[in-house]
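Trainee: Sequence first, then the predicted structure:
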Amino acid sequence: NGGIQAHHVIQSFKPDEVDPHQANEMGLKLAEKLAKGHEVAVYTHTDKDHIHNHIVINSVNYEDGRKFHAHGQEAIDHVRKISDELCKEHGLSIVEERSADVRYTLAEQSLLEKGESSWKDEIRTAIDQAKEQTA
């Protein structure tokens, strides 16, 4: 009853490359490779210009009661590697490099659309200025 109850993975696809059914199948395959023996739910969203999956993994294995551990950059890299392999196997695109230097949260994106800046942008600016003035 304590600790992390579930893990959340987002798997996105290039616009117009998959239909919702194909995306959902890819999400199920990813979940099976990542968390065999764990209950998962794959929610396929079509509310953006790119179809994407939200994969929720129950952290407790229903077969042996062991916890699923996925923390930090190493876990992110592992998930991405498996997702990329699946996409390549099915002739789908993968992201070779990040397209943006700065990643914004949904709240920050909302502020930017209103022409406002976030406190995180103020911190980024202060850091950039300090880096220019520091040897």
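Mentor: That came through, no problem.
Trainee: going forward, measure contacts between C-alpha atoms and count neighbours the same way
Mentor: Noted.
Trainee: domains of this protein?
Mentor: 6-89, 100-135 (automatic domain parsing).
Trainee: Redo those as CSV? Include mean neighbour count and mean pLDDT.
Mentor: Output for these, formatted as CSV (neighbours: other Cα atoms under 10 Å; pLDDT from 0 to 100):
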stretch, mean neighbour count, mean pLDDT
domain 6-89, 16, 91
domain 100-135, 11, 78
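Trainee: show me the contacts for D49.
Mentor: Listed by Cα atoms under 8 Å, 6 or more residues apart in numbering, the contact partners of D49 are P15.
Trainee: In terms of secondary structure, what does the longest helix along the chain contact?
Mentor: Scanning the chain for the helix with the most residues, using DSSP state H, yields helix 72-89. With contacts defined as 3 or more Cα pairs under 8 Å, 6 or more residues apart in numbering; DSSP states H and E, helix 72-89 has these neighbours: helix 20-34.
Trainee: What helices and strands are in contact with the helix it packs on?
Mentor: On a contact count with 3+ Cα pairs under 8 Å, 6+ apart, helix 20-34 meets strand 38-45, strand 52-61, helix 72-89.
Trainee: could you point out which element follows the last one?
Mentor: Just to be clear, that refers to helix 72-89. With elements assigned by DSSP states H and E, the helix or strand that comes after helix 72-89 is helix 106-113.
Trainee: who touches that following helix?
Mentor: Helix 106-113 has contacts (Cα under 8 Å, 6+ apart) with S117, S118.
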